[in-house]
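Novice: need a 3D model of the sequence below.
(chains A and B)
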Amino acid sequence: MIALPILAFVFGFLIVYRFIPTLPFELANYVALSILAGFDALIGGFRARLEGKFDEAVFVSGFFVNMILAGVLAYLGDKLNVDIYLAVTVALGIRVFNNLGRIRGLLVTHREYARQTGDAGQ
Amino acid sequence: MATVTGVKGKDRWLLPLSAILLVMGGLLGLQVHTQSLRPRMEIGRRTSALGEMLRSNQTQVEAYKKEIGDLRMRLAKYETTAASDQGMTKLINEDLQASRAALGLVPLKGPGITLEINDSSLPALKGVDVEPFLVHDWDLFEVANELWGHGAEAISVNGQRLVAGSAFVCSGRAITVNRVLISAPFVFTVIGKPDTLMSVLNTPGGELDKLRGYQLRVKLTRHAQVEAPAISVAPKFEFARPVVEDVAQGVTQ
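Specialist: Numbers count the residues shown, from 1 in each chain, chains lettered A, B, ... in the order given. Have a look, this model is predicted:
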């Protein structure tokens, strides 16, 4: 089951790497920010799942909207000569680390719970 | 927090996750591909553009040089004919010679100095900006300006005679003067009163002091006779036209 997402990732990477021409360099910076936003949405979704609050509509919409917003905001910032990309980087970075911390906490709690009840865990 | 294994969300989670990871993978592939090509493409683009510029400039210089050679031969012919005549033509010929000397079209010699400026010999340190320790176009410009301002009558740098319209243009690691690339060490040959030129250049806080402050290698020598070559490419007037005055009516045409 877990193989499907991993295969999707590898497939997407290889297809684009091999067959799609590169971006103009002016756009590469914005795509990097979009990737950060996508990563944030991914981690957020994982945390929501561990907390049992996962909703695919929120997950998918959050992923695409944040991704586009991050790139567009940074682009607008460059046009206005405001370093919005810094704000995006910091905000998303903090969110990613917060979520990772919560995920770690949840996983540890789960393991202890499993040990106490004699469960085999995951 | 209790429903850690969240069976409820298990199936609903896989498909959107796969879709999203597909997109993420694609974007990462795009980005990695772009970034991996970045240095190569940038360098390639820059060197090819520079090479193109250099080639077109060099052909232009060659064309100019040929044209000037032809013109000089014609002029020399006129001059020998004119010099053999008497009176008015002789006067005109003298005028012509003076103008040509002023324009830098004839080599000049006389007492003067040579000044050699070279990049600093200090070893490059990591993290320290090397720019101040190299000779720049503005250094040469400022030295030339100082010399002109204090009685230099003819100046050449690395064989390039400075005339009206000569400019020092930064061209990467070299400097372009009179459309010709020159590079360090830069040797100024200056005709003028040696004492004055030496003392001007050695003024405390002057140009050379500034350069020595950055450990640039500066060598100033006095000479009884130096020679400044003629300019290889004379200035050309594409837009400027002489104003012809009608002497009889005093009206500018």
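
Novice: alpha carbons only for contacts and neighbour counts from here, please
Specialist: Fine.

Novice: which stretches in chain B count as helices?
Specialist: Ranges of helices within chain B are B:10-84, B:88-103, B:137-149, B:194-201, B:207-213, based on DSSP state H.

Novice: so where's the longest helix in chain A?
Specialist: Longest helix in chain A, counting by DSSP H: helix A:84-117.

Novice: quick one: residues contacting the nearest residue to residue B:13 once chain neighbours are set aside.
Specialist: Once flanking residues are discounted, residue B:13 sits nearest to residue A:56: 6.7 Å by CA to CA, 6 or more residues apart in numbering or on different chains. Neighbour list for residue A:56: B:12, B:13, B:16 [criterion: CA atoms under 8 Å, 6 or more residues apart in numbering or on different chains].

Novice: list, one by one, the residues from chain A near chain B.
Specialist: Taking CA under 8 Å from any CA of the partner chain, the part of chain A that reaches chain B is made up of A:1-2, A:4-6, A:8-17, A:20-25, A:28, A:31-32, A:35, A:38-39, A:42, A:49-52, A:54-56, A:59-60, A:63, A:106, A:110.

Novice: could you dump the helices of chain B into a markdown table and include mean neighbour count and mean pLDDT?
Specialist: Converted to a markdown table, these look like this (neighbours: other CA atoms under 10 Å in any protein chain shown; pLDDT from 0 to 100):
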| stretch | mean neighbour count | mean pLDDT |
| --- | --- | --- |
| helix B:10-84 | 15 | 79 |
| helix B:88-103 | 14 | 78 |
| helix B:137-149 | 16 | 89 |
| helix B:194-201 | 17 | 89 |
| helix B:207-213 | 17 | 83 |
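
Novice: tabulate those helices (a markdown table), appending distance to residue B:112.
Specialist: Formatted as a markdown table, the helices of chain B follow (distance: least, CA to CA, whole Å):
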| stretch | distance to residue B:112 |
| --- | --- |
| helix B:10-84 | 28 |
| helix B:88-103 | 17 |
| helix B:137-149 | 11 |
| helix B:194-201 | 5 |
| helix B:207-213 | 17 |
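
Novice: mind checking which of the ones you listed is nearest residue B:239?
Specialist: Nearest of the helices of chain B to residue B:239, taken as CA to CA: helix B:10-84 at 17.2 Å.

Novice: tell me the angle that closest one makes with helix B:88-103.
Specialist: 150 degrees (axes from the mean of the first three to the mean of the last three CA atoms, to 10 degrees).

Novice: now do helix B:10-84: which elements does it pack against?
Specialist: With contacts taken as 3 or more CA pairs under 8 Å, 6 or more residues apart in numbering or on different chains; DSSP states H and E, helix B:10-84 sits against helix A:3-19, helix A:25-50, helix A:56-80, helix B:88-103.

Novice: what about the residue of the stretch 101-250 of chain B found nearest chain A, how many neighbours?
Specialist: Taking CA to the nearest CA, chain A has its nearest neighbour within the stretch 101-250 of chain B at residue B:172, 23.6 Å off. Neighbours of residue B:172 under the rule other CA atoms under 10 Å in any protein chain shown: 9.

Novice: what separation do you get for it and residue A:76?
Specialist: Separation of residue B:172 from residue A:76 (CA to CA, to the nearest Å): 34 Å.

Novice: return the residues in contact with the residue nearest the centre of chain A.
Specialist: For chain A, the residue nearest the mean C-alpha position is residue A:39 (1.8 Å; CA atoms, centre = their mean). Taking CA under 8 Å, 6+ apart, we find residue A:39 in contact with A:96, B:24.

Novice: what do you get for residue B:222?
Specialist: B:112, B:113, B:114, B:194, B:198.

Novice: name the nearest of those relative to residue B:79.
Specialist: residue B:112 (29.6 Å).
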